[in-house]
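[1] any chance you can model this:
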Amino acid sequence: MTEPIQKTWPEIVRLILGRYDEKLLREVVQRFLRPRNQWPVEELIDRCVEAFDNTVLINRRLK
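    Have a look, this model is predicted:
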C-alpha cells in the first residue's frame, strides 16, 4: 500500500490558483494584493503564495 502524497499549504494554494481562469485570478489578486501593474499569471500566483505568510496583510484584507 502506498502512502498518500503530502502537500504543503503553499503547494495546495499554488495548485488551486493555477486552476483559476485568468480573469478570475486577476480579480481575486486585485482584491487581495492590489497590484499596480499587469503581472504574468505565474507571478501573480507566486506573489499570492508569498502573501499568505504575511499575517498583517491578511488581517488588513479581512477587516
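
[2] in PDB, list the C-alpha atoms belonging to the helix-or-strand element of the chain with minimal mean pLDDT.
    When each helix and strand of the chain is scored by mean pLDDT, DSSP states H and E, helix 55-62 comes last, with a mean of 87. Output of helix 55-62 as PDB, limited to C-alpha atoms (Å, rounded to 0.1, in the frame of the first residue of the first chain):
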ATOM      1  CA  THR A  55      -0.300  37.800   8.700                       C
ATOM      2  CA  VAL A  56      -0.600  41.600   8.800                       C
ATOM      3  CA  LEU A  57      -1.700  41.700   5.100                       C
ATOM      4  CA  ILE A  58      -4.300  39.000   5.600                       C
ATOM      5  CA  ASN A  59      -5.600  40.700   8.800                       C
ATOM      6  CA  ARG A  60      -6.000  44.000   6.900                       C
ATOM      7  CA  ARG A  61      -7.800  42.400   4.000                       C
ATOM      8  CA  LEU A  62     -10.200  40.600   6.300                       C
END
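
[3] quick one: buried residues of that helix?
    Buried residues in helix 55-62, counting neighbours by 16 or more other Cβ atoms under 10 Å, are absent. Using the backbone N, CA and C atoms, a C-beta is placed for each residue, glycine as well.

[4] what does it rub up against?
    Outside of helix 55-62, the residues within contact range by Cβ atoms under 8 Å, 6 or more residues apart in numbering are 31-32, 51-52.

[5] next step: those residues restricted to helices.
    Secondary structure assignment by DSSP state H places 31-32, 51 of these in helices.

[6] export the residues you listed to JSON lines and append columns for distance to Lys63, neighbour count and pLDDT.
    What follows is the ones in helices among the contacts of helix 55-62, written out as JSON lines (distance: Cβ to Cβ, whole Å; neighbours: other Cβ atoms under 10 Å; pLDDT from 0 to 100):
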{"residue": "Arg31", "distance to Lys63": "13", "neighbour count": "8", "pLDDT": "90"}
{"residue": "Phe32", "distance to Lys63": "13", "neighbour count": "16", "pLDDT": "89"}
{"residue": "Ala51", "distance to Lys63": "16", "neighbour count": "15", "pLDDT": "91"}
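
[7] in what helix or strand does the residue nearest the centre of the chain lie?
    Geometric centre of the chain, nearest residue: Cys48, 3.3 Å, by Cα atoms, centre = their mean. In the assignment (DSSP states H and E), Cys48 maps to helix 41-51.
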